[in-house]
Every structure is written in C-alpha cells, then in structure tokens.
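*Asks:* Sharing a model that was predicted from the sequence below.
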Amino acid sequence: MAGALRQVEDLHLVNLTKKFGDAAAVDDLTLTIAAGSFFALLGASGCGKTTTLRMVAGLEDPTAGTISIGAKDITNLRAFQRPVNTVFQSYALFPHLDIFENVAFGLRRRGIKDVKTPVNQMLELVELSAMARRKPTQLSGGQQQRVAVARALINEPDVLLLDEPLGALDLKLRRQMQIELKRIQNEVGTTFVHVTHDQEEAMTMADTVAIMNAGRIEQMGNPATIYELPKTVFVANFLGQSNLITGAAQGRSGDDILVSAHGQTYVVPAARSTAPGVAVIVGVRPEKITVLDAVDGHRAPDAHNKIAGRVTDVSYAGVSTQYLVRTPWDQELTVFEQNVIVGDRCSVGDEVLLHWATEHTFGLDGAQDVHAGVLPEVLDLEATASALESRGA
Amino acid sequence: MSPILVAEPAKPVVVAQRRSRTGYILLFPGMTWLAIFFAIPFITLFMTSLQQPVPGKIGKYQAGFELSNYANAMVEYWPQFLRSFVYAGIATLLALIIAYPLAYFIAMKGGRWRPLLLVLVIAPSFASFLLRTYAWRTILSDEGPITSFFNALHLLPDDRILNTGIAVVAGLTYNFLPFMILPLYAALEKIDPRLIEAASDLYASATTTFRKVTWPLSLPGVVAGTLLTFIPAAGDYINAELLGSTKDRMIGNVIQTNFIEFRDYPTASALSFVLMAVILVMVFTYIRRAGTEELV
C-alpha cells in the first residue's frame, strides 16, 4: 500500500521472442529488470517495445521464451492471473464507471469486500479525492492519466507496466506528470516498466534505460552512461544527437587509439571504443564541442581533437545556440554552445575551428551505417536540403 | 443615445435573424409532413374513437363523446392485448438472445468481413415482408422437416407448429431480428478493445469482463434494439394472420378486422389509441430504468 515499501522481486525475461508471421517483433530478448527500479524501454515505433510490454502483461502470447517474477514462471498465466498491472496508452478507463469504481475494479474482482479505505487512500496519493464520483469523461487528460495509474497501483502489483502513459498529454503537463510518476514510484517502491519513444522522458525518469531496435536491445544502462558512451551508431543517433566521422585506426598511443579520417588524426580513448577492427567511426556529442573563430585557433588546447570548418547555420535557442559547421569534406557537424559568452557569436560564413577533449570522444564499429537511429523524417529533410543546395550551386 | 451606437449592432442582428430563418425553412418540410401525416390523422383517430353509431344505419357513425367505446373495447379484447405483449415480449427476448452473439461476433471478430456480414444481415429485407412470412408457412408446414423433427422428439403439444402461437412468435422473431442486430452491432463496435484488455489486466475473467464491461457498455444498443423490435412486433398483424390460427390473434388483427370487416371504426380507433398509450408508457418506464444502473 501507499507509503510502505514492499518486498518485490526481479522480473526476468529469458529468450523472449514474438513473431507475427515471419517477422520477429521481439527477437530473443533476455533481460532482468531489478526489483523496485524504474526501467524504461526506449525505441522508435515498431521496435518491439510495446509487444514486450504486452507479453509481460499477458495480453500477447510469446512465440518462445519465458517470463518470470522472482522464481515464479508466469509465461503461461492468463492476463487476469498475473501479479502485473498496466497503465494503458490513452488510459482505457471504463467510461460507464465513476472514478471510484474504476479504481476499485481490480480489488472487487479479487473479492475484496472493503474497498473504501484503499480506494480513498489511492485517490489521495494521486490527488483526486475530490473527483471520486465523476465519470472519466469529466476529467482532464492529466487527471485521467492519474486515475489510470491509481487503478493499476491499487492492486499492489509486483510490476507496473506503463505503455506510453504520457503520450496523449501536452508538453508542459507531460513534464509535470513525469515528476509525479517518479514521486509515486518512490513512494510505493513497485518495479515500474515504462515504454516510451520519448528519449527525454526515458532519461529523466528511469534508473535504467534499455534502447530497443528491431526487436533487440541495443544498449542498456544508466541514462547518463548510455548518453556519454553510446556503444552503437543507433544509440549514438537515437539518444540525443551525435557527430560521427568515419575513419580508420592507425595505431595506438598509450591508452588511446589514433584514428585518421579525411587527412586528420583523432584521438579516441581505447576504453571508449567498441570498434573491433580498423574501420572506426569517431563520435562526439554536439555540446562537448567548442567553437573558436579560425583566427583564435591557436587557443585550442593541443591535446584536443580539432576540425576546421565554415559556419552554415546559427540558431539561437535561449539556453544554447546551435551551429551547423561544414567540414572541408562536406560533412555537416552540429555544435551546441551554452550562451555564456559575452560579445559576438560566430555568424554564418565564418571560418571556425571546432575542438573537444579526447575524453569526450567515443569510437564505434565502422561496419555500421552512420545514419542508423536517425529518424527517417530527419534523413528526408537533409536529403531535400542538399538537393536544393546543389540546384542553387 | 447617439445614432452611431444604434446603428452599430444592426448588422449582426440581421445575420442572426437570417440564420434563424434558415432554421425554420429547413424545418418546414419535416413539420408539414408531420402535421399532415401524423398530427391530423392522430386527431381524426381520436375523434373517431369517441363517435357514436347513427341509429338504424350499420357502419355509419356521428361525432360524439362515447368514452364507453374504450371500456367496451378493453372488456372485449383484453386477451388479444395481453397476447400481443406476451408474443412481442417473447419475440424480443428471443431476438436479443440470437442477435447478441451474432452482433458480437461481427463487431469483435468480423475484421475485414464486417461489411459483408452486415449486408447479409440486411439482405433478406430486400424481399418483401409478406413474401418472407409466406415462406415461413412452407418452412413450418405440418409435413415440413422442422415440424417432423420436433414431432419425432414429441416436443410439440399440438403435433404442429403452423397455426399455433409458436409459429407467430417465430415469425415475429425472424422478421424483426435485423432491427435488433443493427443497433447491437453499432453499440458493440464502438467498444474500445483496450477496455476489454484493461478488464483482464485487472483480474476479470472472460465472463466477468463481459458482465462488468462489455454488457454495460452495450446497453444503449440493447435498449434501442429491444424497442425497435418490441414496438412494431406488438402492433404487427401479418405474422398472426399468416402463421397463427384464430386462437392466436393479436391486437393488430383485431384492429384490422374491426376497421375493414366490421366497419366498427370507433372500436378500432379506441384500440389503436390504447395500444399506442400502453406502448408509450412501457417505453418510458423502460428507458427510465435503463438510464439508471438497475439494468446492469
């Protein structure tokens, strides 16, 4: 019940597979979700994250593999027999029942006679006591969302599944609900498994994020760790943005790998590289890069990685400024700079020098497509832009 | 008041007037239709129901205020009244039992076949109502397979189906079934499948899910379907005429005979009025109860 932390157990998915026809929506997924953690499954639509969630809920039968909580195998239990509850996308509140009865639904089905006390407590937890006798349609989106959470949580599930629970809310409300959900999770101590395509949501809320792609987990871990050190191109592009430069390893220098690309050498710490062979993709996050006017280029520390280029676009966004910088080999790099500089910023057409600390550099296997994980819409836009440009030239 | 202030609001008022006039113009055909084909006949019928016979002339009546027409009609024909409501009630119930699973199947499992299945539901209506009812005479005939089958099991009290109440109820059920299926389908089709999933996620078995979620959410369809079946069935006379014996006459038959054969217009009108009144009262009670959660 609310307030008291309960003893919960780990959720284990072992070799979980779901095929629709020949296509595997979830492909041999093995995963342990620690008891009491806030776990986010992050991925683009169609990556298998919702299917995974539905299999845990019992709403979809796995083609192969097992699901267990602690030592108890629940793979063959029906949805209504599992100690798992779901907060559905768009909530699925029962329109013919009032808020109180919606929340009481699970308790009543389990034959619990005195539902009044727990339901009122739960409504208090989600701050909806005043709405108990309203119908779902009389509530705002955010309130309905909280009812959905209350209706699931009141059953004290071992695992609470959240299927894009904030997708229908506008941005401001979503931020508020993220904090709210996090507070509720801290209070009840239940394992939360949260499915989302919103990377910011996953990073701010979850203790552990698993990034899914094509039915498999690309990378899993603490959000900061994944962000700072992506291990695949997909992760580098999908979680935030990355500048990726294709190159070839030339050798080592102490703990660093020297990678040459486009006639220049970059230093990549060996510990931060997942490239097995010679082909290496050198990566750096846009906010790690500093922009210097070319004439001030000598001020860049010698140990830093450097690229010269020309500014093609400057967009001021309050907190930071985004620069697009074209390299001599015609690649466009993105730089975010905090707006802490007094005086002139660079402007379009300026020759600049980009530099960043080698500790911020990561290396990826060069056998991958450098566009993996970039949203198709973005790729389309880039293609259109370059087509327009070449026509103008 | 300055003239400018007076002149200012003039334009919006004209627009508003024009808009409301458009409303009346659009209402006109419908209202005229209602006046000519409902309100006037309704009043004429009511006046006829109070007429008294012209002494010495059979089948001639004059204006009057014979409330006894009502009392006499009820005393004489209450069994047919009762039978009408019993037959219509049984037919409605049977139609509900048959239609619900069918509508459920089409709505929930029909997939891309849904439009075709719905056409199949309505398809028989392309043939005339009379013709289909005649066809039932053949289907239920004494030597027909259905009668033989039930006779072999010794299930029929009169050893026959045709010309019994069973045939009348069967005919009513069959003829009004689409009016039950369509509103049920419309209600079931609107149910979000995620609500069913949510119920099973919240520990409801399939039966409980049906009882607590699907059924209550389909109630608007149940109410509409039962009304659309019961009302015409209660006033129907074709089925009793073609499929029943003289012992199975419904109130529709009585009204028809009184009008056409006996030319007892006041009695027939009085019966029509009572039928209407009784149905109205029943419908209102029903809807009011259905509106609350008593039916759940």
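*Replies:* Ah, there it is. Numbers count the residues shown, from 1 in each chain, chains lettered A, B, ... in the order given.
*Asks:* what's the nearest residue to the residue of the stretch 251-393 of chain A found nearest chain B if we skip its chain neighbours?
*Replies:* As assessed by C-beta to the nearest C-beta, chain B sits closest to A:Leu375 within the stretch 251-393 of chain A, at 26.9 Å. C-betas here are computed from N, CA, C, even on glycine. Nearest residue to A:Leu375, sequence neighbours excluded (C-beta to C-beta, 6 or more residues apart in numbering or on different chains): A:Ala44, at 7.3 Å.
*Asks:* For the helix or strand harbouring A:Asn102, give the mean pLDDT please.
*Replies:* Secondary structure from DSSP states H and E places A:Asn102 in helix A:99-109. Averaging pLDDT along helix A:99-109 yields 96.
*Asks:* Tell me where the model's unsure across the chain.
*Replies:* No chain was given, so I picked chain A. A:1-6, A:342-343, A:392-393 (pLDDT under 70).
*Asks:* I was thinking of chain B, sorry if that wasn't clear
*Replies:* Chain B contains residues with pLDDT under 70 at B:1-19, B:291-296.
*Asks:* could you pull out the helices for the stretch 1-150 of chain A?
*Replies:* Counting by DSSP state H, counting those that start in this stretch, the segments of the stretch 1-150 of chain A that form helices are A:49-57, A:99-109, A:116-125, A:141-153.
*Asks:* My error: substitute the stretch 151-300 of chain A in the last question.
*Replies:* Ranges of helices in the stretch 151-300 of chain A, per DSSP H, counting those that start in this stretch, are A:171-188, A:199-205, A:223-228, A:233-238.
*Asks:* just how off-centre is the first one within its chain?
*Replies:* Which is helix A:171-188. 16 Å (C-alpha atoms, centre = their mean, to the nearest Å).
*Asks:* just the second one next, same as before
*Replies:* For helix A:199-205, the gap between its own C-alpha mean and the chain's C-alpha mean amounts to 6 Å (C-alpha atoms, centre = their mean).
*Asks:* What is that helix packed up against?
*Replies:* With contacts defined as 3 or more C-beta pairs under 8 Å, 6 or more residues apart in numbering or on different chains; DSSP states H and E, the secondary structure elements packing on helix A:199-205 are strand A:38-42, helix A:171-188, strand A:191-196, helix A:223-228.
*Asks:* ok, the nearest residue to B:Arg83 once chain neighbours are set aside to chain A distance?
*Replies:* Spatial nearest neighbour of B:Arg83, excluding adjacent residues (C-beta to C-beta, 6+ apart): B:Met250 at 5.9 Å. Using C-beta to the nearest C-beta, to the nearest Å, we find B:Met250 at a distance of 36 Å from chain A.
*Asks:* who are the neighbours in contact with B:Met250?
*Replies:* Contacts for B:Met250 (C-beta atoms under 8 Å, 6 or more residues apart in numbering or on different chains) come out as B:80, B:83-84, B:87, B:168, B:234, B:236-237, B:239-240, B:244.
*Asks:* what lines up beside the helix or strand encompassing A:Val325 in the sheet?
*Replies:* Assessed by DSSP H and E, A:Val325 sits inside strand A:320-326. If you go by DSSP bridges, strand A:320-326 pairs up with strand A:305-316 (antiparallel), strand A:332-338 (antiparallel).
*Asks:* and the helix holding A:Asn102, C-alpha only, in CSV?
*Replies:* The C-alpha trace of helix A:99-109 is given here as CSV (Å, rounded to 0.1, in the frame of the first residue of the first chain):
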residue,chain,number,x,y,z
ILE,A,99,-13.5,7.3,-10.8
PHE,A,100,-14.0,5.5,-7.5
GLU,A,101,-15.4,2.3,-9.2
ASN,A,102,-12.6,2.5,-11.9
VAL,A,103,-10.0,2.4,-9.1
ALA,A,104,-11.9,-0.2,-7.2
PHE,A,105,-12.3,-2.5,-10.2
GLY,A,106,-9.3,-4.7,-9.6
LEU,A,107,-10.0,-5.1,-5.8
ARG,A,108,-13.6,-6.0,-6.4
ARG,A,109,-12.6,-8.7,-9.0
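*Asks:* Run a quick neighbour tally on residue 205.
*Replies:* Let's take chain A. 24 (other C-beta atoms under 10 Å in any protein chain shown).
*Asks:* should've been chain B
*Replies:* B:Ser205: 15 surrounding residues under other C-beta under 10 Å.
*Asks:* Give me the spatial nearest neighbour of the residue nearest the centre of chain B, chain neighbours excluded.
*Replies:* Centroid check for chain B by C-alpha atoms, centre = their mean gives B:Ile231 as the closest residue, at 2.8 Å. Of all residues not flanking B:Ile231 in the chain, B:Ile279 sits nearest, at 5.8 Å (C-beta to C-beta, 6+ apart).
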